[in-house]
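# Make a model of this:
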Amino acid sequence: MQRTLKTAPNGCSICLMATFHRAGTLEALPEILQRYCVPVSPHDLVLPDSTHIHITPEWYLRNAWVIAYQYKTSGRILGRWENRRSQRPRESSYMLDIRTQRQLEAICEQRIIQWEAICAQDPKVKKRCPC
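I've put the predicted structure just below:
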């Protein structure tokens, strides 16, 4: 099953990023966030073959998370998160390269499919973790 997010003209889909007080484990997060959060490098859970995201340049805080759920917006991107630590123009803002964007889109799709399967098997889960 493939989902397509519909956005208004000039709109975009976004994922939120958070630190959750620098929680380094999934168990430290609420149940619904355990299902959707993906570590952002550098992170205590990042291992060579683990699912995680790299931001360019590397994110400056340890143990940040991206919530792998796409929110659609009709708004435009008005700017980027500035990297005030850099003196080089190429590293003046944080971004995901195209490959990582596609990876994150696939992770989002996978997580929603997994969530729907869990809810179909156990309706009590959906009551505890409404989406």
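# contacts, neighbours, all on C-alpha from now
Noted.
# Can you read off the pLDDT for Ile32?
pLDDT recorded at Ile32 is 87.
# ok, it - how many residues close by?
Residues near Ile32, counting by other Cα atoms under 10 Å, number 15.
# Against Gln110, how distant is the closest residue to Cys15 other than its chain neighbours?
Nearest residue to Cys15 in three dimensions, chain neighbours excluded: Gln70, at 5.1 Å (Cα to Cα, 6 or more residues apart in numbering). From Gln70 across to Gln110, the span is 12 Å (Cα to Cα, to the nearest Å).
# May I have the helix or strand of the chain with the lowest mean pLDDT as CSV, with CA atoms only?
Within the chain, no helix or strand scores below helix 123-128, which has a mean of 76 by mean pLDDT, DSSP states H and E. Provided in CSV are the C-alpha atoms of helix 123-128 (Å, rounded to 0.1, in the frame of the first residue of the first chain):
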residue,chain,number,x,y,z
PRO,A,123,-7.6,-2.2,19.3
LYS,A,124,-6.5,-1.4,22.9
VAL,A,125,-3.2,0.0,21.5
LYS,A,126,-5.0,2.5,19.4
LYS,A,127,-6.9,3.7,22.5
ARG,A,128,-3.7,4.2,24.4
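# In terms of secondary structure, what does that helix contact?
Contacts defined by 3 or more Cα pairs under 8 Å, 6 or more residues apart in numbering; DSSP states H and E place helix 123-128 against helix 98-121.
# Can you list the buried residues in the helix it packs on?
For helix 98-121, a neighbour-count test (16 or more other Cα atoms under 10 Å) marks 100, 103-105, 107-112, 115, 119 as buried.
# If anything else comes up later, I'll come back, but that's it for now.
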